[in-house]
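# starting from these lines, generate the structure:
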Amino acid sequence: MNLKRLYILAFVAFFAQFANAQEGLPIYTDYLTDNYYLIHPSMAGVATCAKIRVTGRQQWFGQEDAPQLATLSVNSRIGETQSAIGAIVYSDKNGFHSQNGAYVTYAHHLMFSRNEIDLNMLSFGLSVGVIQYKLDETAFLAEGFDPIIAGIEQSSTNFNIDFGFSYHLYNFYAHATVKNILDNKGINNDIEVTSNLRRYLISVGSVFGKFGSEWSYEPSIMFQHKDGTKESSFDINLKAYKEMDFGKIWGGLSYRRSLDGAEYLDGSSVNTQKLQYISPILGVNYKDFMFAYTYAYQANSVVFNNSGFHQITLGYNFNCRKEKYHCNCPAINQ
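Residues are numbered from 1 along each chain as shown. Got it, this is the predicted structure:
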């Protein structure tokens, strides 16, 4: 094995704890672009409009086989009932690994208030998904035979379930979701830790604004924990909205930090760093259309590339109800 390959393997091992390969739909900051349904199934059909959202994420421009993610989601109420349905399809590529998945969702929304003037709603959601994992080993044997490498494109298909709930009270909201409830062998079924891909997500936030003002502000936090590897991280977010004649413009900033560090060799000493992302967001709602751009910068001393991660989100709202909720709640008032 030459020095270049040894360096690549060491680098991959260093960042393995932060990789999203074989874990279902990756959890980035795309939920902040009016896309909470991507991570919380209970948000399906919660809004006054049905929603279509398309996202594309590209990491490390100029690098071959850099991570790429594309998602398409749609969710809507079922007529005038309190039930809702949704669907997500996605493609996630990361070097030699790739996965394609599809989820279908059923959600139900319970109104505790007598009408929509005083919003008080509890929602439940269940998503069932099928995920196909692929590992391309065709280039692994360029330097000779290895008994543990098949030298082919391996694939495996698994099913999994996500379940969660959401609670909205006036301008306040809270979400809790368990993702990948079932054991999932993936491709590397000889590695025990990959069978447990359960991830716990908790989101809490509220929207503040003076009565009659064009401006409103939304601080929020999200905590996530991986059960199999015992890793945790949190997001601290702040968004601002300005009402316009044509719709709304908005922007924000998200800071993600891992609570678990990775060790690396710095000369003769061993240092530790914790993953940190700083992500500015800019978006606009024009009538029934939505556009958002997100840039994520990894604020660490040891990084693979300084070019950052770019993401674009496109959205369209349809089948909107005439009466909106009487609250300052952008995620559900469209």
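# quickly find the element holding residue 238.
Using DSSP states H and E, residue 238 sits within strand 231-243.
# next SSE downstream of that strand?
strand 247-266.
# relative to strand 247-266, how tilted is the strand holding residue 238?
Interaxial angle of strand 231-243 relative to strand 247-266 (axes from the mean of the first three to the mean of the last three CA atoms, to 10 degrees): 150 degrees.
# buried set for strand 231-243?
231, 233, 235, 237, 239, 241 (16 or more other CB atoms under 10 Å). Any C-beta I mention is one placed from the backbone N, CA and C, and that applies to glycine too.
# that strand packs against which elements?
If you count contacts as 3 or more CB pairs under 8 Å, 6 or more residues apart in numbering; DSSP states H and E, strand 231-243 packs onto strand 215-226, strand 247-266.
# in JSON lines: those strands, plus mean neighbour count, distance to residue 171 and mean pLDDT.
Output for the helices and strands packed on strand 231-243, formatted as JSON lines (neighbours: other CB atoms under 10 Å; distance: least, CB to CB, whole Å; pLDDT from 0 to 100):
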{"stretch": "strand 215-226", "mean neighbour count": "18", "distance to residue 171": "9", "mean pLDDT": "96"}
{"stretch": "strand 247-266", "mean neighbour count": "16", "distance to residue 171": "15", "mean pLDDT": "86"}
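# return the distance of the strand holding residue 238 from the chain's centre.
13 Å (CA atoms, centre = their mean, to the nearest Å).
# that one pairs with which strands?
Sheet pairing of strand 231-243 (DSSP bridges) gives strand 215-226 (antiparallel), strand 247-266 (antiparallel).
# any idea which of the ones you listed gets closest to residue 66?
With CB to CB as the criterion, residue 66 lies closest to strand 247-266 of the strands paired with strand 231-243, at 19.3 Å.
# and the next element down the chain from that closest one?
strand 269-286.
# what angle separates that next one from strand 231-243?
Using the same axes, to 10 degrees: strand 269-286 against strand 231-243 is 30 degrees.
# now strand 269-286: average pLDDT?
Taken as a whole, strand 269-286 carries a mean pLDDT of 87.
# re the thing from before, which one of the strands paired with strand 231-243 lies closest to residue 309?
Here strand 247-266 is closest among the strands paired with strand 231-243 (CB to CB), at 11.4 Å.
# quick one: the closest one to chain centroid distance?
With CA atoms, centre = their mean, you get 13 Å for strand 247-266.
# one more: stretch 112-132?
For stretch 112-132, the distance to the chain centre is 18 Å (CA atoms, centre = their mean).
# list the buried residues in it.
116, 119, 121, 123, 125-129, 131.
# just put the residues you listed in TSV and tack on secondary structure, distance to residue 280 and pLDDT.
Formatted as TSV, the buried residues of stretch 112-132 follow (DSSP: H, G, I helix; E, B strand; the rest coil; distance: CB to CB, whole Å; pLDDT from 0 to 100):
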residue	secondary structure	distance to residue 280	pLDDT
116	coil	33	70
119	coil	30	88
121	strand	31	94
123	strand	30	97
125	strand	29	98
126	strand	34	98
127	strand	29	97
128	strand	35	97
129	strand	31	94
131	strand	31	91
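# now those as a markdown table including distance to residue 326?
Listed next are those as a markdown table, based on distance: CB to CB, whole Å:
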| residue | distance to residue 326 |
| --- | --- |
| 116 | 6 |
| 119 | 7 |
| 121 | 12 |
| 123 | 18 |
| 125 | 24 |
| 126 | 29 |
| 127 | 30 |
| 128 | 34 |
| 129 | 35 |
| 131 | 40 |
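# pull the most distant pair out of those.
Of all pairs in the buried residues of stretch 112-132, the most separated under CB to CB is 116 and 131 at 37.0 Å.
# after the helix or strand containing residue 91, heading C-terminal, what element do we hit next?
In this structure, residue 91 sits in strand 83-94 according to DSSP H and E. Later in the chain than strand 83-94, the nearest helix or strand by DSSP H and E is strand 97-111.
# and that following strand, what does it pack onto?
Helices and strands touching strand 97-111, as assessed by 3+ CB pairs under 8 Å, 6+ apart, comprise strand 83-94, strand 120-136.
# the longest one vs strand 97-111, what angle?
Read that as strand 120-136. Counting by the same axes, to 10 degrees, strand 120-136 lies at 170 degrees to strand 97-111.
# chain center to strand 120-136: distance?
12 Å.
# now the angle from that strand to strand 83-94?
Using the same axes, to 10 degrees, the inter-axis angle of strand 120-136 relative to strand 83-94 is 30 degrees.
# which elements pack onto strand 120-136?
Strand 120-136 packs on strand 83-94, strand 97-111, strand 153-169, going by 3+ CB pairs under 8 Å, 6+ apart.
# how about a cut-off of 6 Å?
Contacts defined by 3 or more CB pairs under 6 Å, 6 or more residues apart in numbering; DSSP states H and E place strand 120-136 against strand 97-111, strand 153-169.
# tell me the strands beside the longest one, with direction?
Strand 153-169 has the following strand partners under DSSP bridges: strand 120-136 (antiparallel), strand 172-179 (antiparallel).
# how about the shortest one?
Strand 97-111 has the following strand partners under DSSP bridges: strand 83-94 (antiparallel), strand 120-136 (antiparallel).
# sounds good, over and out.
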